[in-house]
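Enquirer: Pasting a predicted model and its sequence here:
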Amino acid sequence: MAFKYQTDINAVQHCPPANVVSEDSKAYRFVHSPLTAASFTPIAKTSPSRPLSGKSACLGLGLSFYNTREAAENKFTQITKTHPNFHKKVGNKIASGVLTKNQGVRSKISTDGHFTFFEFANLSLEKLFQITEIEVEETHG
Amino acid sequence: MDRLTGIDVGEVPISGFEWELDLYGVDGPLLSQYKSDTGEKYLLYWCDCDETSERWMILPIAENLRVRLIAGLLSMREVIDSVTHNYVFFIDYNSTGAVQSVHLVGGAAIPRTYLPAEDSYISVDDPDEALGHQSASFLFNGNWEIEPVRDFIRSYKQAYNFTFGVLKNTIGSLSGLPWQGGFSAMHFYDRLKKQMGDDQASTQLIQFASPGILKLKVDDEVADAVLTLLERFKTNSNMIPQAYNELRAAIASKSLNKIDSDEAKRLFEEDDELLGLLDDLAVALGYDTALDTIRNGRSSFEVSKILMAQYVRVRSVFVCLESGEVTNARWAVRLKDRATET
């Protein structure tokens, strides 16, 4: 199955990485409200954005998710301490849904619950996710 | 985005300014590392964005601070505060990813909304890559005199060299030492060092100024095995010293250090208590599966002396780490990860 950004992926070596898996998983992602196609557009296809290098050139063609809501909230709190304007970049709400193996492949889940999802073509993830009622807290430095 | 108080210099005036790696990110990097053509390191720190541009702060960072930031000993706020007497650059990228402007801003004029919280400790995506492969970093906290630093380096290097010998199976060729009196351990480690040649841990960087840093060029597998050994000291804080003390006391009580070397070896070999205590120390140190490699024709008395000498060196390193006087960057990251997991 072709990836949504297959042409861009073809231009990057070893992309997606060899250790991606094809499994169903719950997924939580930072978003702006309301959900639109832009909520699920990877950083490499987003404007404005600094040009990406190294591993980020590939990972930037995928989408960041967390495997639990708690992991997503913890990360938001941690990152906001270091980057007080983080909410401007990713939004201050969490969208939740289920990603299936028919929709793409994902990287191994890291110890903080993060994984990168490489989406297959012809999908509209914004229609499959919902913004949760809980807003993550903004903590300014 | 916040208005900057500074001079638009048009482009980054750092010769050979080049991306090295991304330290962490969510949907793209948030903190990246760059270098100049003279090897100076810089951090590119994500600050802000709007519909048309994205802003990053470029700040110079000394290796000492860089390693402390990655190891979780310094917060991002402390790193930024360290340049407030100096200057930083702000680089804005436009909607095509091109550089829109580069502002030179005094450290004291950094917008407050860009300042991280006091406890902004970071967690990098790949600590091994960030700390550098084939490299072990030790951070000296507080004021150190040259002599204790030299003792620490010697203990670490000797513990490392022995671990190298066990892993690479090169211990066997070092034999024939009587192992009585204090000189044999010294000779053993000296011979290990000579045998290793270019494989020895070598000093890449040493800075005595407080806080100090020592960087050694190492084999990653060996350095990792030394860290695992140090972790055993942490998790078996009673068992390891007890095994060492019991073996040492038994050898002393049977006066094996004061009699003829061959006789000492013979008596040791015939003494079930001593043989049992040797096994206990090997198990405590995690060398039980490597005993054949270490033995390699040696007597049990000699193997005991070797393990006891290694214990003394690893313990010396461990005491410095555990007291907080010295921090090994990789160990600090390991402990932090373990705390996160639990």
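Expert: That came in fine, so what should we check first?

Enquirer: So, low pLDDT: which residues of the stretch 101-250 of chain B?
Expert: B:173-183, B:210 (pLDDT under 70).

Enquirer: That one against chain A: which residues are in contact?
Expert: B:113-120, B:122-123, B:125 (Cβ under 8 Å from any Cβ of the partner chain). Quick note: C-beta positions are derived from backbone N, CA and C, even for glycine.

Enquirer: Among the residues you listed, name the ones in strands.
Expert: Among these, no member falls in strands (DSSP state E).

Enquirer: Buried among the residues you listed? Make that a ChimeraX selection.
Expert: Per 16 or more other Cβ atoms under 10 Å in any protein chain shown, the buried members of these correspond to this ChimeraX selection:
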select /B:114,115,116,117,120,122,123,125
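
Enquirer: residues in chain A within reach of chain B, list them.
Expert: A:30, A:42-44, A:46-56, A:60, A:63-64, A:75, A:78-79, A:81-86, A:88-90, A:110-112, A:114, A:139-141.

Enquirer: In strands, which of those fall?
Expert: A:30, A:63-64, A:114.

Enquirer: out of those residues, which one sits closest to chain B?
Expert: A:Ser64 (4.5 Å; Cβ to the nearest Cβ).

Enquirer: wouldn't that closest one be in contact with A:Arg29 here?
Expert: Yes - between A:Ser64 and A:Arg29 a contact is recorded at 6.7 Å, counting by Cβ atoms under 8 Å.

Enquirer: Narrow the residues of chain A next to chain B to those that are buried.
Expert: Judged by 16+ other Cβ under 10 Å, buried ones among these: A:30, A:42-44, A:46, A:48-50, A:52, A:55-56, A:60, A:63-64, A:75, A:78-79, A:81-86, A:88-90, A:112, A:114, A:141.

Enquirer: For chain A, which residue gets nearest to chain B?
Expert: A:Ile43 (3.4 Å).

Enquirer: What's the local residue count around B:Phe188?
Expert: 24 (other Cβ atoms under 10 Å in any protein chain shown).

Enquirer: Is my assumption valid that it occupies a position in a helix?
Expert: Yes - checked against DSSP: H, G, I helix; E, B strand; the rest coil, B:Phe188 lies within a helix.

Enquirer: Strands of chain B, residue ranges please.
Expert: So, for chain B - with DSSP E - the strands run B:7-8, B:18-25, B:29-35, B:41-49, B:54-61, B:87-93, B:99-106, B:135-140, B:202-207, B:212-217, B:326-328.

Enquirer: Present those strands as CSV; the columns should include distance to B:Leu285 and mean neighbour count.
Expert: Below are the strands of chain B laid out as CSV (distance: least, Cβ to Cβ, whole Å; neighbours: other Cβ atoms under 10 Å in any protein chain shown):
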stretch, distance to B:Leu285, mean neighbour count
strand B:7-8, 60, 12
strand B:18-25, 35, 19
strand B:29-35, 37, 21
strand B:41-49, 38, 22
strand B:54-61, 38, 21
strand B:87-93, 49, 22
strand B:99-106, 54, 17
strand B:135-140, 20, 23
strand B:202-207, 26, 13
strand B:212-217, 22, 20
strand B:326-328, 19, 23
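
Enquirer: How about residue 30: what's its closest non-neighbour residue?
Expert: No chain in the question, so chain A it is. Among residues not flanking A:Phe30 along the chain, A:Val90 sits closest, at 3.9 Å (Cβ to Cβ, 6 or more residues apart in numbering or on different chains).

Enquirer: other chain: chain B
Expert: With Cβ to Cβ, 6+ apart, the residue lying closest to B:Leu30 is B:Trp46, at 4.4 Å.

Enquirer: List the contacts of B:Ala48.
Expert: Wrong residue type there; residue B:48 is Asp, not Ala. Neighbouring residues of B:Asp48 by Cβ atoms under 8 Å, 6 or more residues apart in numbering or on different chains: A:85, A:88, B:1-2, B:54-55, B:113-114.

Enquirer: Can you pick out the most distant pair from the residues you listed?
Expert: Using Cβ to Cβ, the contacts of B:Asp48 span at most 15.3 Å, a distance reached by B:Glu54 and B:Thr113.

Enquirer: How is chain B divided into domains?
Expert: Domain assignment for chain B by automatic domain parsing gives B:7-131, B:135-341.

Enquirer: Check the separation of the first and last residues in the shortest one.
Expert: When the termini of domain B:7-131 are compared using Cα to Cα, to the nearest Å, they are 34 Å apart.

Enquirer: ditto for stretch A:100-112
Expert: Stretch A:100-112 end-to-end distance (Cα to Cα) = 21 Å.

Enquirer: List the buried residues in it.
Expert: In stretch A:100-112, counting by 16+ other Cβ under 10 Å, buried: A:103-107, A:109, A:112.

Enquirer: what's the distance between the closest residue to A:Leu52 other than its chain neighbours and A:Pro48?
Expert: Leaving aside its chain neighbours, A:Leu52 sits nearest to A:Gly60 (4.5 Å; criterion: Cβ to Cβ, 6+ apart). According to Cβ to Cβ, to the nearest Å, A:Gly60 stands 14 Å off from A:Pro48.

Enquirer: now swap in A:Ser124 and tell me
Expert: 24 Å.

Enquirer: Point me to the residue of chain B nearest chain A.
Expert: B:Gly28 (3.4 Å).

Enquirer: Contact partners for the closest residue to that residue other than its chain neighbours?
Expert: Using Cβ to Cβ, 6+ apart and skipping the chain neighbours, the partner closest in space to B:Gly28 is A:Ile43 (3.4 Å). By Cβ under 8 Å, 6+ apart, the contact list for A:Ile43 reads A:49, A:52, A:60, B:27-28.
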